[in-house]
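Visitor: Pasting a predicted model and its sequence here:
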Amino acid sequence: MQGPLRIGGLGAGSSPSFINPFPGSKETRVLEESHTDRAAVPLKISWCDAFLMWCAASLSTDRSFIVIVDDLLSMVHSTNATWRRSGIRDTVIVMGVLLGLLALQFVVPFQPAQIPGYFLLVGFFPVEAVVAGADSGVVFYALFGGYVLVLSLAGGVAATVFRNRTRNSELASWRFGVAGGLAVTGAIALLFSVNTLLSGAESTPAFVGLVTALVLFGLTAISATL
């Protein structure tokens, strides 16, 4: 009795091997002829089978797509929640830095320490000049509180930018908030210096503003990178 007939080789470029347990049968001869002939023999299936195969493939693809979309939505939701938490924390820290700089102007008798707070007050003067009745008690405090809040939000955005651009992942989160507060104060000092130079006023305040801005920007870089 002959053993199973093996058709095809295992060499490179050859077709896979097939083992027929019934050598010499009609099916074996047909298989040999179809395997020897390189012409492709079309596979005949019914329309019903084709439709069922298409439905199964579509269902599998749809499920995979739904899973991928669900994972992406979960990732975006988690990322947005993290950004919201870090943004609120940065804004609070920036506000603390701004209020601390303002407090230095009235608490510390050392004049260089009073300069950043002074520039924060100078930045409020245009707002006070535009709004009528801003010099009264309630309106003044409301406007000044809104002014500090807007600066805190801007500093929070700057802190987020610093966090995304830094290469040192081991920095404490509060340092980015401190950097944001210093950057906002430095920007106000720089704007004051430029405005003073353009107006043709005395150059000493412009020089003080420029030096203050450079010092604050340097402290910003130290807080956000080192």
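Guide: Great, that's in hand. Residues are numbered from 1 along each chain as shown.

Visitor: what about Ala221, neighbour count?
Guide: As a burial measure, Ala221 scores 14 neighbours (other Cβ atoms under 10 Å). (Glycine included, C-beta is placed from N, CA and C.)

Visitor: for Ala132, that is, sorry about that
Guide: 8.

Visitor: Look at it and give its secondary structure.
Guide: Using DSSP: H, G, I helix; E, B strand; the rest coil, the secondary structure recorded for Ala132 is coil.

Visitor: now Ala113, nearest residue through space, not along the chain?
Guide: In space, Ala113 comes closest to Leu104 once its chain neighbours are excluded; the distance is 4.9 Å by Cβ to Cβ, 6 or more residues apart in numbering.

Visitor: For the one you found, list the residues it contacts.
Guide: 113-114, 116-117 (Cβ atoms under 8 Å, 6 or more residues apart in numbering).

Visitor: Quick one: the strands in this structure, in order.
Guide: Applying DSSP state E to the chain gives strands spanning 5-7, 18-20.

Visitor: For the ones you listed, which has the smallest mean pLDDT value?
Guide: Among the strands of the chain, strand 5-7 has the lowest mean pLDDT, at a mean of 43.

Visitor: returning to what we had before: now the contacts of Leu104 in a markdown table, please, with extra columns for pLDDT, distance to Tyr141 and neighbour count.
Guide: A markdown table is the format used below for the contacts of Leu104 (pLDDT from 0 to 100; distance: Cβ to Cβ, whole Å; neighbours: other Cβ atoms under 10 Å):
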| residue | pLDDT | distance to Tyr141 | neighbour count |
| --- | --- | --- | --- |
| Ala113 | 90 | 24 | 13 |
| Gln114 | 92 | 21 | 17 |
| Pro116 | 94 | 21 | 26 |
| Gly117 | 93 | 17 | 21 |
